[in-house]
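# Requesting a structural model of the entry that follows:
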Amino acid sequence: MTFDRSIKIAPSILSADFADFGREIRAIEDQGADWVHVDVMDGHFVPNLTFGPPAVKAFRPHVKTFMDVHLMIAPVDPYIEAYAEAGADMITAHVEAGPHPHRTLQAIRATGKKAGIALNPGTPVEAVEYLLDLADMVLVMTVNPGFGGQKFIHSQVDKIARLRGMIGDRPIHIQVDGGVDPRTAPIVAKAGADVLVAGSAVFKGGSVGQPGVYGSNIRAIREAAQGLALSA
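So this is what the prediction gives:
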């Protein structure tokens, strides 16, 4: 994956039809998705339970772009290798998920995968200051993790901007996850985000039988983000 700061849309398949993941993934990619975002939850670190390594392995043959696996689990280190072997391209762990996030990033990199570190809304940006040189991406949660469809937390915009300043010219993506839609996309893009995760805002109104709706939703988010990003 060549690094660039162009806007990338990463639909979260947590909002897809669980009975038809293969066709759902193909549909969003055909309609312009740049990455496929997979939310892994353990019912412990967050109050929901989703996809184990076998599910991620089953998704892999259908993903032709880039599979972005967000681990909302604790402890996280014992499961890194399993998700790497399942086919993740990027593995993101939470700074809050273990006592040694530096070691966690080392472990992800040791598998040959891209390494991401995530910040919950209540976690200050300074928590990643000494982790940036091991990170390919920092994920700023703009909702509390665990459920889709929550309202965007506006206090996180300042965190994104401060993070962008900390990163400087290092090739590190800033991803935003939570409440991203055409109204909030330009706000986070202006602050410095380049990878926008969207679940319900992409999948609402569409289906594998009506994939054009996915395309319209993806374009609306991208065009909103690029409009302000280009004028900033």
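
# just the CA coordinates of the helix or strand harbouring Leu71, formatted as PDB?
For Leu71, the host element (DSSP states H and E) is strand 67-72. Only the C-alpha atoms of strand 67-72 are listed here, as PDB (Å, rounded to 0.1, in the frame of the first residue of the first chain):
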ATOM      1  CA  MET A  67      -8.900  -5.200   4.900                       C
ATOM      2  CA  ASP A  68      -8.800  -3.000   7.900                       C
ATOM      3  CA  VAL A  69      -9.300  -4.900  11.100                       C
ATOM      4  CA  HIS A  70     -10.100  -2.900  14.300                       C
ATOM      5  CA  LEU A  71      -9.600  -5.000  17.400                       C
ATOM      6  CA  MET A  72     -11.800  -3.800  20.300                       C
END
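
# Could you shift the numbering so residue one becomes 11, and keep it that way?
Got it, the first residue is 11 from now on, which makes the last one we talked about strand 77-82.

# list the helices and strands that strand packs on?
strand 46-51, helix 63-69, helix 90-96, strand 100-104, strand 124-129, strand 205-208 (3 or more C-beta pairs under 8 Å, 6 or more residues apart in numbering; DSSP states H and E). Any C-beta I mention is one placed from the backbone N, CA and C, and that applies to glycine too.

# in the protein, which helix has the most residues?
Looking across the chain with DSSP state H, the single longest helix is helix 222-241.

# since we're on Pro63, how many residues are nearby?
By other C-beta atoms under 10 Å, 18 other residues sit near Pro63.

# Let me know the pLDDT of it.
Listed pLDDT for Pro63 reads 98.

# again, but for Phe157
70.

# which residue packs closest to it, ignoring adjacent ones?
In space, and not counting its chain neighbours, Phe157 is closest to Asn58: 6.1 Å by C-beta to C-beta, 6 or more residues apart in numbering.

# pretty sure that neighbour is touching Ile83, no?
No - applying C-beta atoms under 8 Å, one finds Asn58 not in contact with Ile83, separated by 11.0 Å.

# tell me the phi and psi of the residue lying closest to Gln116 once chain neighbours are set aside?
Using C-beta to C-beta, 6+ apart and skipping residues adjacent in sequence, the residue nearest Gln116 is Leu144, 6.6 Å away. For Leu144, the backbone dihedrals are phi -110, psi 0 (criterion: degrees, to the nearest 10).

# With only the CA atoms kept, save the helix-or-strand element of the chain with minimal mean pLDDT in CSV.
In the chain, no helix or strand scores lower on mean pLDDT, DSSP states H and E than helix 222-241, which sits at a mean of 87. Output of helix 222-241 as CSV, limited to C-alpha atoms (Å, rounded to 0.1, in the frame of the first residue of the first chain):
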residue,chain,number,x,y,z
GLY,A,222,-26.1,1.9,-6.4
VAL,A,223,-27.4,3.4,-3.1
TYR,A,224,-24.1,2.3,-1.5
GLY,A,225,-22.3,4.1,-4.3
SER,A,226,-24.3,7.3,-3.8
ASN,A,227,-23.7,7.2,-0.1
ILE,A,228,-20.0,6.7,-0.5
ARG,A,229,-19.7,9.5,-3.0
ALA,A,230,-21.7,11.9,-0.8
ILE,A,231,-19.3,11.3,2.1
ARG,A,232,-16.2,11.5,-0.1
GLU,A,233,-17.3,14.7,-1.9
ALA,A,234,-18.3,16.4,1.4
ALA,A,235,-14.8,15.6,2.8
GLN,A,236,-12.9,16.6,-0.2
GLY,A,237,-14.9,19.8,-0.6
LEU,A,238,-13.6,21.3,2.7
ALA,A,239,-10.3,19.5,2.6
LEU,A,240,-9.5,21.2,-0.7
SER,A,241,-10.5,24.6,0.5
